[in-house]
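A.B. asks: structure for this input, please:
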Amino acid sequence: MTGYAWPIHGARLTLPFGPTPLGSRIVDGLPFHDGIDLATFCGDRIVAAHDGTVLAAGRRYDLFMGWVGDLAPYLARLDEKQLWLTLPNVVVIDDGNGYRSIYAHFRGVAVKPGDTVRAGDFLGWEGATGHATGCHLHYGLFSPDTSATFGFDPVAAARMLLPTEELARIDPLQVLPPLEVAGIH
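C.D. replies: Purely as a prediction, here's the structure:
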């Protein structure tokens, strides 16, 4: 797990990885945030944290997010109710090392599926798409080969027709350079 760089520079860490009343994932029976939230200002540049290949870019990303179960009912609901524009703009990158990086809430994306990127390459602009309380970047990291899972809020899962589990995430702070080196507050 080497070669990672901060996906946004000079940001504030506004929500860390871990237990929080604001989380929609469930770990050990507690609400959990499955990534880190970083904020600077709307429209700031977001860059790739690692070399890799873009798997998804835009609002059609769920097939690459590590859901455990059938997504067909959820995707059919999005089509039937024309809900695609309510989702965040997301970029999912295969980091080429057994992990995937997830970047969410873009105002706009500048890459497309199949693009090859290097750490530091421009991906898009910080935004607040989806159910965001303000402009920020949600950055998550997971291995599609793990068997460990996180739960998903069962009430939200039933309403949205999503599975109740996703593949477990790791804390991005374990692989990113130290906060003080990156100018992260």
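A.B. asks: ramachandran angles for Tyr103?
C.D. replies: phi -120, psi 130 (degrees, to the nearest 10).
A.B. asks: run a quick neighbour tally on it.
C.D. replies: Residues near Tyr103, counting by other Cβ atoms under 10 Å, number 29. To be clear about C-beta, it is placed using only N, CA and C from the backbone, and glycine gets the same treatment.
A.B. asks: thought His138 was touching it, still the case?
C.D. replies: Yes: taking Cβ atoms under 8 Å as the definition, Tyr103 is a contact partner of His138 at 7.4 Å.
A.B. asks: and the longest helix seen in the chain, which residues are buried?
C.D. replies: Longest helix of the chain, by residue count under DSSP state H: helix 72-80. Across helix 72-80, burial judged by 16 or more other Cβ atoms under 10 Å covers 74-75, 78.
A.B. asks: and for stretch 138-147?
C.D. replies: Result for stretch 138-147 [16+ other Cβ under 10 Å]: buried residues 138-143.
A.B. asks: and these, which two are furthest apart?
C.D. replies: Of all pairs drawn from the buried residues of stretch 138-147, the widest gap by Cβ to Cβ lies between His138 and Ser143 and measures 18.2 Å.
A.B. asks: after the longest helix of the chain comes which helix or strand?
C.D. replies: Under the assignment DSSP states H and E, the closest C-terminal helix or strand after helix 72-80 is strand 89-94.
A.B. asks: which residues touch that next one?
C.D. replies: Applying Cβ atoms under 8 Å, 6 or more residues apart in numbering, the contact partners of strand 89-94 are 48, 50, 52-59, 61, 64-65, 100-109, 111, 117, 123-124, 127, 129-130.
A.B. asks: and if you look at stretch 161-172?
C.D. replies: 4, 16-18, 25, 34-36, 49, 65-71, 73-74, 76-77, 99, 139-144, 146, 148-152, 154, 156-157.
A.B. asks: quick check: mean pLDDT across it?
C.D. replies: Averaging pLDDT along stretch 161-172 gives 97.
A.B. asks: and for the spatially closest residue to Asp62 that is not a sequence neighbour, the neighbour number?
C.D. replies: Closest residue to Asp62 apart from its sequence neighbours, by Cβ to Cβ, 6 or more residues apart in numbering: Leu71 at 5.7 Å. Look at Leu71: counted by other Cβ under 10 Å, it has 15 neighbours.
A.B. asks: pretty sure Gly124 sits against His105.
C.D. replies: No: counting by Cβ under 8 Å, His105 is not a contact partner of Gly124; they are 10.0 Å apart.
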